[in-house]
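Peer 1: I'd like to go over a predicted model; first the sequence, then the structure.
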Amino acid sequence: MRADRINSVGELSAAVVHEVRNPLALIKGAVEILEDEISPTSPRREFADIIKVEVDRLDALVGEFLRFARPSKPAVAPASLNEIVQAVCTLITQRAETQQVSDETEVVPDLTLVPVDAEQIKQLLLNLAINAIQAMPQGKLLILRTRLATERAIVEVEDTGGGVEPGLQARIFDPFFTTKEKGTGLGLSISYKIALEHGGSLSVVDGKQGALFRLSLPLKV
């Protein structure tokens with residue numbers, strides 16, 4: 001049911017993107033033409049700059065809808081999940097340090113290569129890791145681990161931020177659902193869709209002190 005809901009919202013998002021992006025381009029072009037007639041010292045130039053900044057912000061938001069609506073098909077090739085996990089840890093280091101969050105890895109040595117689109121899986125795990133950091137106050141811990149199950153490779157992202165309320169777990173991957181004051185609510189939906197495109201699954205359960213997101217991937221295509 002969730003997969004059907006995500007696909008339906010994806011089709012709607014694609015239509016919205018088309019209808020919104022063209023007017024945005026026209027608005028920005030018109031403002032740039034008007035700027036030529038505005039003196040560099042005129043207070044009106046500030047308003048023109050504001051319009052351009054907001055148009056760019058909306059265009060970025062629309063672009064996120066497009067990535068959700070029409071994600072590229074996975075370019076599958078044998079890849080090391082351990083290396084992907086290490087790359088994600090490197091990418092989140094600065095953000096984690098800013099919030100005094102420590103990150104650790106628990107990886108299976110010599111984990112077999114898994115047929116995935118490495119960049120898409122990196123994006124998925126990065127979404128999970130950033131969400132986890134945002135959910136934790138200072139001084140907490142983020143753990144990324146890999147392990148093997150029967151014919152499956154597992155990657156887990158676990159935090160110590162208190163967990164997801166039971167009533168929200170069933171909705172957490174739904175498009176546009178978010179508990180943040182600022183956010184589109186698409187990050188986890190995109191991650192869920194990437195997992196499905198790989199023939200895998202993405203779920204959330206209660207960890208020891210917080211939420212535990214579990215990505216399961218087949219060892220063979």
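Peer 2: It's in.
Peer 1: Name the residues of stretch 125-144 that are buried.
Peer 2: Neighbour-count burial for stretch 125-144 flags 125-133, 135-136, 140-144 (criterion: 16 or more other CB atoms under 10 Å). Heads up, the C-betas are built off the backbone N, CA and C, glycines and all.
Peer 1: Show me what the mean pLDDT comes to for that stretch.
Peer 2: Stretch 125-144 shows a mean pLDDT of 87.
Peer 1: ok, residues contacting it?
Peer 2: 84-85, 88-89, 91-92, 95-96, 99-106, 155-162, 180, 187-188, 190-191, 210-211, 213, 215 (CB atoms under 8 Å, 6 or more residues apart in numbering).
Peer 1: again with stretch 88-100
Peer 2: Identification of contacts with stretch 88-100 by CB under 8 Å, 6+ apart yields 102-103, 105, 122, 125-126, 129-130, 133, 136-139, 142, 144.
Peer 1: Render the CA-only coordinates of it in PDB, please.
Peer 2: Taking C-alpha atoms only, stretch 88-100 is exported to PDB below (Å, rounded to 0.1, in the frame of the first residue of the first chain):
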ATOM      1  CA  VAL A  88      28.800   8.500   4.400                       C
ATOM      2  CA  CYS A  89      30.600   8.900   7.700                       C
ATOM      3  CA  THR A  90      33.100  11.100   6.100                       C
ATOM      4  CA  LEU A  91      30.400  13.300   4.600                       C
ATOM      5  CA  ILE A  92      28.500  13.800   7.900                       C
ATOM      6  CA  THR A  93      31.600  14.400  10.000                       C
ATOM      7  CA  GLN A  94      31.400  18.200  10.100                       C
ATOM      8  CA  ARG A  95      27.600  18.200  10.700                       C
ATOM      9  CA  ALA A  96      28.000  15.700  13.500                       C
ATOM     10  CA  GLU A  97      30.800  17.600  15.200                       C
ATOM     11  CA  THR A  98      28.700  20.800  15.100                       C
ATOM     12  CA  GLN A  99      26.100  19.000  17.300                       C
ATOM     13  CA  GLN A 100      28.700  17.100  19.300                       C
END
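Peer 1: Show me how far that stretch is from its chain's centre.
Peer 2: The chain centroid and the centroid of stretch 88-100 are separated by 16 Å, computed with CA atoms, centre = their mean, to the nearest Å.
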